[in-house]
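>>> Predicted coordinates and the sequence they were generated for:
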Amino acid sequence: MGYGNYSHAAHSALIADRAHQSRDEVFAQTQCHALMNPQGLKVREARDSADHPDSVPIAFALDVTGSMGHIPDLLARQELPGFMKLLQDFGIAHPQLLFMAIGDATSDNAPLQVGQFESTAELMDQWLTWSYLEGGGGGQNHESYELAFYIAAQHTDHDHWNQRGKKGYLFLTGDELPYPYVSKHQVGSLIGDQLDEDLPIAEVIAAAAERYHLYFLIPALNRRENCEKPWRQLLGDHVICLEDPQDTCAVAAALIAQNEGVLSGADRIAQALSASGMPGERIGAVIRAVEGSTSLFAAGDQDAAQAHDTPGAPAKPTSWWKKLFG
C-alpha cells in the first residue's frame, strides 16, 4: 500500500470538519471493522513507487483501553496533520503510516486491529477513525502490546529495509505492561497463525527490532511509576515518558528525524520545532521527553535539554536556546 500523495490542506480540512463532533461520532465503530480484523492477515506492505521513491514506514500501535482512548482521539481531532507537517519540515518526504489498535486479549472483544500503510491524508484518517475504541482492558496491569511486536515482525514488509537496509518505526502508546509471552492460542484465534509454543516477549521484540526502531511512549509523567522500569528492561532508552499526551506526535517526529539523519541533536530539533510554530513550552516538553534516548542526545546536548521551562531547574542554555528563550 502507500499510493497517492499527501495534502496537508486536505488533512487539515478533515480535522476542521469534525470540530464539533463527539468522540463517538469520530470513532463510530461499535466492533472491530472488518478490514481491520487481523484474522487471516498475510502482510501489510510499505512500498517504494514513482511518487514515493524513499518510503519510510511508521506504525502507531495505539492502546485503546479505557485509560488510553484519548490519544487516538487527540490524533484524529488535532495532532496528526501537525505530525505530517513536522515530518515534511524535517525532510522526511515520503512517510507511510499504519495504525494498530491494541486492547487486552484476555478480556476484550477486539484486542488487535490492524490497518494498512498509507500515504494520503484521507486514507490515514480512514484507518485511524475506523479503529474501535473498545475502552476495555484487563485490569491486571497488562495489555496485549506484545501482539503489536508480533505483527510488525511476522506480518509486515517494507522497502525502507529491503532497498536501503534502514529500519522503519513502531511507536506504542500505553501505560501498562505487556504480557510476558505471545500466546500461541491468542495468535491462533486472532490471526490464524499456528505456533508450536508460546513466544517469550523478549524474542518477539528482538524479531521486530530487526526491521523497526521500537519505542514505547508513556503518555504522562504520573503514569510512569506503573510501568516504566519493566519496559526499560525490554527496550532500554527507547521508553519515552511524555509530560502531556499532546506531545506524542512531536516526540515521534523528532525521533524519526534523528534516526533518518536529517536532524542531529537537541539544538537543531528545537530550532525545527520553533520554525514550525510550536510554542516554547511545548518545545521544552518535547526535548525533555526524548532527552533520555541516547539515539538523540550526545553528552554535549544535555545542556540544551535542561535549558527549558522546568520550575527551579538551573539554566544551562546553549547559545541557540539562550537566543530562543532569552
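That came through fine. Numbers count the residues shown, from 1 in each chain.
>>> isn't G280 right next to L273, touching?
No. Using Cβ atoms under 8 Å, G280 is not in contact with L273; the gap is 9.3 Å. No exception for glycine: its C-beta is placed from N, CA and C like everyone else's.
>>> Looking at these two now, which is surrounded by more residues?
L273 (25 against 16; other Cβ atoms under 10 Å).
>>> quick one: contacts for the more buried one?
Counting by Cβ atoms under 8 Å, 6 or more residues apart in numbering, L273 touches 86, 250, 254, 282-283, 286.
>>> Show the pLDDT at it.
If you check L273, the pLDDT there is 91.
>>> What of A110?
For A110, pLDDT reads 97.
>>> Next, count neighbours for it.
So A110, with other Cβ under 10 Å, has 23 neighbours.
>>> What sits closest to it if chain neighbours are left out?
C32 (3.8 Å; Cβ to Cβ, 6 or more residues apart in numbering).
>>> what distance separates the start and the end of stretch 47-67?
End-to-end distance for stretch 47-67, by Cα to Cα, to the nearest Å: 34 Å.
>>> What segments of this structure are strands?
44-46, 56-63, 95-102, 112-114, 142-143, 156-158, 168-173, 177-178, 181-182, 199-200, 212-218, 239-241 (DSSP state E).
>>> The fourth one pairs with which strands, and in what direction?
Meaning strand 112-114. Using DSSP bridges, the strands paired with strand 112-114 in its sheet are strand 95-102 (antiparallel).
>>> and the partner strand with strand 56-63, angle?
Here the directions of strand 95-102 and strand 56-63 differ by 20 degrees (axes from the mean of the first three to the mean of the last three Cα atoms, to 10 degrees).
>>> average pLDDT for strand 95-102?
On average, strand 95-102 scores 98.
>>> re the thing from before, arrange the strands of the chain in a markdown table, one row each, with mean neighbour count and distance to N5 as further columns.
Converted to a markdown table, the strands of the chain look like this (neighbours: other Cβ atoms under 10 Å; distance: least, Cβ to Cβ, whole Å):
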| stretch | mean neighbour count | distance to N5 |
| --- | --- | --- |
| strand 44-46 | 23 | 15 |
| strand 56-63 | 26 | 15 |
| strand 95-102 | 28 | 12 |
| strand 112-114 | 26 | 24 |
| strand 142-143 | 25 | 35 |
| strand 156-158 | 23 | 19 |
| strand 168-173 | 25 | 20 |
| strand 177-178 | 22 | 36 |
| strand 181-182 | 20 | 37 |
| strand 199-200 | 16 | 39 |
| strand 212-218 | 23 | 25 |
| strand 239-241 | 23 | 30 |
